[in-house]
Structures are given as C-alpha cells and as structure tokens.
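Visitor: Need coordinates for the below:
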Amino acid sequence: MNRHFNSNSDKKNRSFQGKVVVITGSSKGIGKATALEFLKAGASVVLNGRNPEKLLKTANEFKEMGFSPLEVQGDM
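Guide: Numbers count the residues shown, from 1 in each chain. Below is the predicted model of the structure:
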C-alpha cells in the first residue's frame, strides 16, 4: 500500500490522539503553526523554545483555545 501524507483525505482522517509530539522552536512562526495543527489533531504537544516569555505567551494562547500544551524552555 503506497499512501502519501500529503493527500487531502489522509490529512482529514489523521488522528494523533494518544501520541506525544515535541516541537522545537514552537514559540513562533512555523513551529507555532505546526504545534497548533498537532493540537487540533489530538496530540499531546510539548512546546520548546529558547525564550521563556515567548514560550509562555504561545502556551497561554493555546490554553485559551482549550488545548493543554506543556512548555519546556531550552536550546535543543
């Protein structure tokens, strides 16, 4: 079976319920957008970034949307 994640049907049916995803650089830009998509897909998301203030701001934005990310400050 040859399946591609890029197809629209796969994106709609893909669930990350019960999975943990760590996103580095998740306090802004592409990392932040990626973290939000994984949260929407049901994943437990660990946010990671170097700037604690930006990281906390992003985590609080997601929490206001009803998600529960874990933020871990650090340089990976």
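Visitor: My guess is Val20 contacts Val46. True?
Guide: Yes - taking C-beta atoms under 8 Å as the definition, Val20 is a contact partner of Val46 at 6.7 Å. For glycine as for every other residue, the C-beta is placed from the backbone atoms N, C-alpha and C.
Visitor: Neighbour count for the two, which is higher?
Guide: For Val20 and Val46, the more surrounded residue by other C-beta atoms under 10 Å is Val46, and the numbers stand at 17 against 11.
Visitor: Unless I misread the structure, that one falls within a strand.
Guide: Yes - the assignment for Val46 is a strand, going by DSSP: H, G, I helix; E, B strand; the rest coil.
Visitor: How about the contacts made by it?
Guide: Residues near Val46 by C-beta atoms under 8 Å, 6 or more residues apart in numbering: 20-23, 69-72.
Visitor: End to end on stretch 58-74, go ahead and measure it.
Guide: Terminal residues of stretch 58-74 are spaced 15 Å apart (C-alpha to C-alpha, to the nearest Å).
Visitor: Now stretch 19-26: buried residues?
Guide: 21, 23-26 (16 or more other C-beta atoms under 10 Å).
Visitor: Taking those together, which two end up most distant?
Guide: Across the buried residues of stretch 19-26, the longest distance by C-beta to C-beta is 13.3 Å; it joins Val21 and Gly25.
Visitor: And the nearest residue to Phe67 once chain neighbours are set aside, how far from Asp75?
Guide: Leaving aside its sequence neighbours, Phe67 sits nearest to Leu39 (C-beta to C-beta, 6 or more residues apart in numbering; 4.4 Å). Remark: distance between Leu39 and Asp75 (C-beta to C-beta, to the nearest Å) = 23 Å.
Visitor: quick one, which of those two is more surrounded?
Guide: Set Leu39 next to Asp75 and count neighbours by other C-beta under 10 Å: Leu39 wins out with 21 against 7.
Visitor: I believe that one is in a helix; please confirm or correct that.
Guide: Yes - Leu39: assigned to a helix according to three-state DSSP.
Visitor: Much appreciated, bye for now.
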